[in-house]
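Chemist: Output the structure for:
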Amino acid sequence: MPESKTLWIPTLLDRTEKEWGSVTNDIACRRFSGCGIQAEAGLRVFNTDIITSLGREVLLGITGKDFTIIAASKAAMRGATILKASDDKTRQLNKHTLMAYSGEAGDTVQFAEYIQANAQLYSMRNETDLSPAALANFVRGELASSLRSRKPYNVNLLLGGVDPITHKPSLYWLDYLAALAPVPYAAHGYAQYYCLSILDKHHHPDITLGQGIKLLNLCTDELKRRLPIDFKGMVVKAVTKDGIRDIEFDDDKVVKSA
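Modeler: All right, here's what the predicted structure looks like:
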């Protein structure tokens, strides 16, 4: 009789230590691509160059007794080059909600205008505006859907406003991984390394608009003192129960070095 042969099927236990590393990476890539993302496209968001580019702009947000201030740097940069010195990185979503953005140049404007158009479409269809909280959750949902697509948006956001019914100010911090957090004050980019400690020390819930502007001045002075980057000043806007208005801000103030 012919000699019987046993069929050998390799398992994970038969892999060498070197092969185990590739198995672990393969499992991680498969988990990340479980919603239809290819590994290269999905892991693109963790590219260190992209993460670095998300920090070049300055975004600041402050809430007070009856207002929300949002400020964004004017410089539009690519690498070490300043392409524009008067860039407005904010979009008005409705009469009482404002959004500021930073990140990849094409992604930011496209995503911000998409959100702005959807917010305005809702207002026209329903003859009422969404609250800042509702818009923040809508934006978070769009970022989460984008994250699971082939080309996710690399955008960081601050969304602030005043509820048209309760007149309560609010501020929401969102990042490119679709994290959402309601906060009393916030920063994105290099500002978070220098300004969060200042905001933590001086901020309280009942500050007035004038005190909020002074607090913003403390933050921008520290940025001018510490940063080697010229961010060309700030676009500053305040949201109150009466709507959104521009705030005159002294960008030419000279700050002594440390």
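
Chemist: Kindly state the beta-bridge partners for the one residue sitting closest to the centre of the chain.
Modeler: With distances taken as CA atoms, centre = their mean, the residue of the chain nearest its centroid is residue 156 (1.8 Å). Beta-bridge partners recorded for residue 156 (DSSP bridges): residue 102.

Chemist: what residue ranges in this protein score low on pLDDT?
Modeler: The chain contains residues with pLDDT under 70 at 1-55, 258.

Chemist: Break it down into its domains, please.
Modeler: Residue ranges for the domains of the chain, per automatic domain parsing: 19-46, 54-246.

Chemist: wait, which of the ones you listed is closest to residue 257?
Modeler: For residue 257, the closest of these is domain 54-246, at 6.2 Å, according to CB to CB. Placement of C-beta: from N, CA and C, glycine included.

Chemist: hmm, back to that, I'd like to know how far the residue nearest to the centre of the chain sits from residue 85.
Modeler: Separation of residue 156 from residue 85 (CB to CB, to the nearest Å) stands at 21 Å.

Chemist: do the same with residue 130
Modeler: Plainly put, residue 130 is 33 Å away from residue 85 if you go by CB to CB.

Chemist: Which one's more surrounded, these two?
Modeler: Legend: neighbour count by other CB atoms under 10 Å for residue 130 and residue 85, higher for residue 130 (21 against 12).

Chemist: quick one: the more buried one and residue 138 touch, right?
Modeler: Yes - under the criterion of CB atoms under 8 Å, residue 130 makes contact with residue 138 at 7.2 Å.

Chemist: any shared contact partners between these two?
Modeler: residue 119 (CB atoms under 8 Å, 6 or more residues apart in numbering).

Chemist: hang on, residue 128 in a strand?
Modeler: No - under DSSP: H, G, I helix; E, B strand; the rest coil, residue 128 sits outside any strand and is assigned coil.

Chemist: tell me the phi and psi of it?
Modeler: phi -160, psi 150 (degrees, to the nearest 10).

Chemist: quick one: contacts for it?
Modeler: Applying CB under 8 Å, 6+ apart, no residues qualify as near residue 128.
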